[in-house]
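[1] I'll drop the sequence and a predicted model, then ask my questions.
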2 protein chains.
Amino acid sequence: MTITVLLVDDHPVVRSGLRAVLDGGTARTGDAVHIVGEAATGEEAVTLTATLRPDVVLCDLRLGAGIDGIQTTAALRALDPPPTVVILTTFDRDAEILGAIEAGAAGYLLKDAAPEAILEGIRRAAAGDMVLSPGLATRVLKGMRNPLPKLTEREIEVLRLLAEGSANKQIARTLFVTEATVKSHLAHIFTKLGVDSRSRAVHVARETGLI
Amino acid sequence: MTITVLLVDDHPVVRSGLRAVLDGGTARTGDAVHIVGEAATGEEAVTLTATLRPDVVLCDLRLGAGIDGIQTTAALRALDPPPTVVILTTFDRDAEILGAIEAGAAGYLLKDAAPEAILEGIRRAAAGDMVLSPGLATRVLKGMRNPLPKLTEREIEVLRLLAEGSANKQIARTLFVTEATVKSHLAHIFTKLGVDSRSRAVHVARETGLI
DNA sequence: CCCGCCATCCCCCAAAAGGATGACGACGGA
DNA sequence: TCCGTCGTCATCCTTTTGGGGGATGGCGGG
């Protein structure tokens, strides 16, 4: 059996590297991996997947301009039949990992993994397994226990302005509401995040990848 | 003429990619590039450079654990004879670019560049030119006009705690000083950064890569 | 139709943060 | 030695934030 793979990464260098690492990788053990195409953007990934029908799409999360890896994953999983999507990225922020999994990714690998680990991850994902880089698994489980608080859209909007260092008055002007409303949103944000100051709120929001 | 290159990147995949892109790259025009070694950490880069004596060291900025790309650059330039150092990274934060240049890097390329651009950058750097990814040049010039304000060590320390969302009282306790001292540091930080609130200070500090 | 969530707004009050200004010792370079 | 910078601390005063309430209208699900 040979597994067909589509590479999605906005960096030509990384695509070459994956090609070198995977395509030659007809290891003694396990199925052979054959790269059938490359995409530099999420949009390109979707159209190529529709025509090439790869078994696995290996997708970066950060894709420069255009839709990101999570949106791409969702779009790919909406195809019929949906390919197996494996995320391969440098970052390991909780919100992104959870987001990718919710969007239907079957795996989440880190780029600093050894080539064999990536190869093995693709094989396992193609076989129907759920595959996570070591260390991420426990994080995901913890994330399940302490689910990220759900902020409303408005609250996220306020949070973003907060992260830019805007004062309440400034936020109010930007959103065309009164300062009282902003303070109300902030109070909700604080309780949801379990903090008691704007700075700390921004900090945990950054940490969890909420913004 | 053939240019010898040492690759420094903590990601095996990226090293493979660069090897594929550069080593085969005996283009019709210009010198051939020959990769003589690879290093996964800054420390390894320094020892390998001492023995392999490459013409050019192509170095990532983020190197996982251990010393970062800027420190590595400085260490490399302290060797005799110093190699030409070219930074190749995904990030383009002002402080890092300026820092790399100050540390003695001859070039700063972005990973999303086309393979030929990277190849050409290495050739130009080896020839003694200063090479910057398009777009970065203007940024650097702007950075020269608006130099990053110099914060003292203590101020940076306060800034870090600020970024974690600590209150003045908390910062004071952490640094074993009074709150008055903290406020004094903050006032200095604010004027140097040209802001008027802790949140905004954190924001510009993050933007400029000050922290 | 009622209930819960959301966004909006209001008041009061205590705490924190910020601005202005000044001072003092240590240290290092001119 | 004198001057500048740094780190330390202080006081006074104003503004901003955060916490405690509560109130309104809209909108969607049971």
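    That came in fine, so what should we check first?

[2] any idea where the helices of chain A begin and end?
    With DSSP state H as the definition, chain A shows helices at residue ranges A:12-18, A:42-52, A:69-77, A:94-102, A:115-126, A:136-145, A:153-163, A:168-175, A:179-193, A:198-208.

[3] deepest of those helices, which one?
    Among the helices of chain A, judged by mean count of other C-beta atoms under 10 Å in any protein chain shown, the one packed with the most neighbours on average is helix A:12-18 (a mean of 25). (C-beta placed from N, C-alpha, C; glycine too.)

[4] And the helices of chain A, which one averages the lowest pLDDT?
    Set side by side, these give their lowest mean pLDDT on helix A:136-145, at a mean of 76.

[5] got a list of contacts for it?
    A:Asp92, A:Asp94, A:Ile97, A:Leu98, A:Ile101, A:Tyr108, A:Leu110, A:Leu132 (C-beta atoms under 8 Å, 6 or more residues apart in numbering or on different chains).

[6] Serialize the residues you listed to CSV and add fields for distance to A:Val140.
    Listed next are the contacts of helix A:136-145 as CSV, based on distance: C-beta to C-beta, whole Å:
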residue, distance to A:Val140
A:Asp92, 10
A:Asp94, 8
A:Ile97, 6
A:Leu98, 7
A:Ile101, 7
A:Tyr108, 8
A:Leu110, 13
A:Leu132, 6
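
[7] Enumerate every residue touching A:Ala75.
    A:Ala75 sits next to A:Gly42, A:Val46, A:Ile67 when contact means C-beta under 8 Å, 6+ apart.

[8] again, but for A:Ala167
    A:Ala167 makes contact with B:Ser197, B:Ser199, according to C-beta under 8 Å, 6+ apart.

[9] Now it, what are its backbone angles?
    Backbone geometry at A:Ala167, expressed as degrees, to the nearest 10, gives phi -80, psi 160.

[10] What distance do you get for the nearest residue to A:Ala65 once chain neighbours are set aside to DNA strand D?
    Distances taken as C-beta to C-beta, 6 or more residues apart in numbering or on different chains put A:Thr41 closest to A:Ala65, at 7.4 Å, once the chain neighbours are dropped. Distance from A:Thr41 to DNA strand D, counting by C-beta to the nearest atom of the strand, to the nearest Å: 34 Å.

[11] what does A:Asp10 give?
    A:Asp10 is 37 Å from DNA strand D, where distance means C-beta to the nearest atom of the strand.

[12] thought that residue was touching A:Ile67?
    No. Between A:Asp10 and A:Ile67 no contact is recorded; they are 11.5 Å apart, counting by C-beta atoms under 8 Å.

[13] Please enumerate the shared neighbours of the two.
    When C-beta under 8 Å, 6+ apart defines a contact, the residues bordering A:Asp10 and A:Ile67 alike are A:Thr41.

[14] For those two, indicate the residue with more neighbours.
    Neighbour count, other C-beta atoms under 10 Å in any protein chain shown: between A:Asp10 and A:Ile67, A:Asp10 has more, with 20 against 16.

[15] so can I have CSV of the helices of chain A showing distance to B:Ser197?
    What follows is these, written out as CSV (distance: least, C-beta to C-beta, whole Å):
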stretch, distance to B:Ser197
helix A:12-18, 39
helix A:42-52, 37
helix A:69-77, 32
helix A:94-102, 26
helix A:115-126, 45
helix A:136-145, 32
helix A:153-163, 11
helix A:168-175, 10
helix A:179-193, 14
helix A:198-208, 9
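
[16] Ok, which of those comes nearest B:Leu61?
    Nearest of the helices of chain A to B:Leu61, taken as C-beta to C-beta: helix A:12-18 at 14.7 Å.

[17] Now for A:Ile70: which residues touch it?
    A:Leu61, A:Glu96, A:Gly99, A:Ala100, A:Ala103.

[18] try 10 Å this time
    A:Ile70 makes contacts with A:42, A:59, A:61, A:87, A:95-96, A:98-105, as judged by C-beta atoms under 10 Å, 6 or more residues apart in numbering or on different chains.

[19] Then A:Thr208?
    By C-beta under 10 Å, 6+ apart, A:Thr208 lies in contact with A:Arg93, A:Asp94, A:Ala95, A:Glu96, A:Leu98, A:Gly143, A:Asn146, A:Leu148, A:Pro149, A:Leu193.

[20] which two in the residues you listed are spaced the farthest apart?
    In terms of C-beta to C-beta, these reach their longest pairwise distance at A:Glu96 and A:Leu193, which sit 17.8 Å apart.

[21] got a pLDDT number for A:Thr26?
    Per-residue confidence at A:Thr26 stands at 56 (pLDDT).

[22] Can you pull the domain assignment for chain A?
    Per automatic domain parsing, the structural domains of chain A span A:2-145, A:153-207.

[23] about what we covered before: so which of the contacts of A:Ala75 reach DNA strand C?
    Near DNA strand C, taking C-beta under 7 Å from any atom of the strand as the test, no member of these is found.

[24] Need those residues in a markdown table (columns: distance to A:Gly209).
    Conversion of the contacts of A:Ala75 to a markdown table gives the following (distance: C-beta to C-beta, whole Å):
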| residue | distance to A:Gly209 |
| --- | --- |
| A:Gly42 | 18 |
| A:Val46 | 24 |
| A:Ile67 | 17 |
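
[25] Closest one to DNA strand D out of those, please.
    Lowest distance from DNA strand D to the contacts of A:Ala75 (C-beta to the nearest atom of the strand) belongs to A:Ile67, with 26.8 Å.

[26] residues in contact with that closest one?
    Taking C-beta under 10 Å, 6+ apart as the definition, contacts of A:Ile67 comprise A:Thr41, A:Gly42, A:Glu43, A:Ala45, A:Val46, A:Thr73, A:Ala74, A:Ala75.
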